[in-house]
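Participant: Coordinates only, no sequence provided:
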């Protein structure tokens, strides 16, 4: 893909990942393997709320095509077919799920040096059309996204924002929920944290006058161990310790606490991901 402003879905993604990725109160076990022919096999078992479910996913890559297939214990089947480099900066993705015959979707992505766009159309009689566009540079970009429901002739979603990226920081401002919410985030990498980062996010919902301030950080204890923590103004505290057992194999322990209700039982999660 060419260097450019990126997709609207990437606005604020680095800050979002630091504050949300790998935080869980479930137990998850993952085993993945790959072959030299381009076939990848992944098996997941998850225990959530006392209930267990699993899924098996495969991915096959051949030249400029990628095929993803997933089957879970609920007999749900999902398939995604991706073609890249049909143009130097283009990608086409077709996906569907069974038994939901109306879940099919066709998506087209195009990235240019100073612009990017996506269009996704549901494969049914009266589909929902999703589209987004950005303009700018890798350093600063402006963008918007919307969803249009052809059955009712109404826009069900429209968001807009700006994203600024530097080698050591990332900032974004996003107006979402049809103008009802505003989210501002800033992430900065620090050498004092061994390459870790600090992040702050302010979210405001205008209809309820509710504000949420969340701060977080990540710290590289060594080249194999990562520690993350976050706290918001409602007293919700989360923490993660992730250790690389061997290349691409990780064990992650996470915890969540309500500092304003210490009598409540803390929530803990455990994830083990193995790649032989």
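Facilitator: Received, thanks. Please read all numbers here as calculations on a predicted model, not as lab measurements. Numbers count the residues shown, from 1 in each chain.

Participant: who touches stretch 72-80?
Facilitator: 53-56, 66-71, 93-99 (CB atoms under 8 Å, 6 or more residues apart in numbering). Backbone N, C-alpha and C define where each C-beta goes, glycine included.

Participant: mind running it again at 10 Å?
Facilitator: Contact with stretch 72-80 is made by 44-46, 52-57, 59, 66-71, 93-100, 103-105, 107, as judged by CB atoms under 10 Å, 6 or more residues apart in numbering.

Participant: right, and residue 241 touches residue 225 too?
Facilitator: Yes. In this structure, residue 241 is within contact of residue 225 by CB atoms under 10 Å, at 7.2 Å.

Participant: Of the two, which one has the most company?
Facilitator: The residue with more neighbours, out of residue 241 and residue 225, is residue 241; 15 against 12, by other CB atoms under 10 Å.

Participant: before we move on, the earlier item: mind checking which of the contacts of stretch 72-80 land in strands?
Facilitator: Using DSSP state E, the subset of those located in strands is 44-46, 52-57, 59, 66-71, 93-98, 105, 107.

Participant: Just the buried residues of these.
Facilitator: 44, 46, 55, 57, 59, 66, 68, 70-71, 93, 95-97, 105, 107 (16 or more other CB atoms under 10 Å).

Participant: and of those, the nearest to residue 231?
Facilitator: Closest to residue 231 out of these is residue 46 (26.5 Å), distances taken as CB to CB.

Participant: Can you report how many residues lie near the closest residue to the closest one other than its chain neighbours?
Facilitator: Distances taken as CB to CB, 6 or more residues apart in numbering place residue 28 nearest to residue 46, at 4.9 Å, with adjacent residues excluded. The tally of other residues near residue 28 (other CB under 10 Å) stands at 16.

Participant: May I have the secondary structure class of residue 28?
Facilitator: Of the three states, residue 28 takes strand under DSSP: H, G, I helix; E, B strand; the rest coil.

Participant: shift numbering so it begins at 14
Facilitator: Okay, using 14 as the starting number, the last item reads as residue 41.

Participant: Distance of it relative to residue 264?
Facilitator: Applying CB to CB, to the nearest Å, the value for residue 41 to residue 264 is 11 Å.

Participant: Likewise for residue 58?
Facilitator: Relative to residue 264, residue 58 is positioned 15 Å away (CB to CB).

Participant: Same check on residue 17?
Facilitator: Residue 17 is 37 Å from residue 264, where distance means CB to CB.
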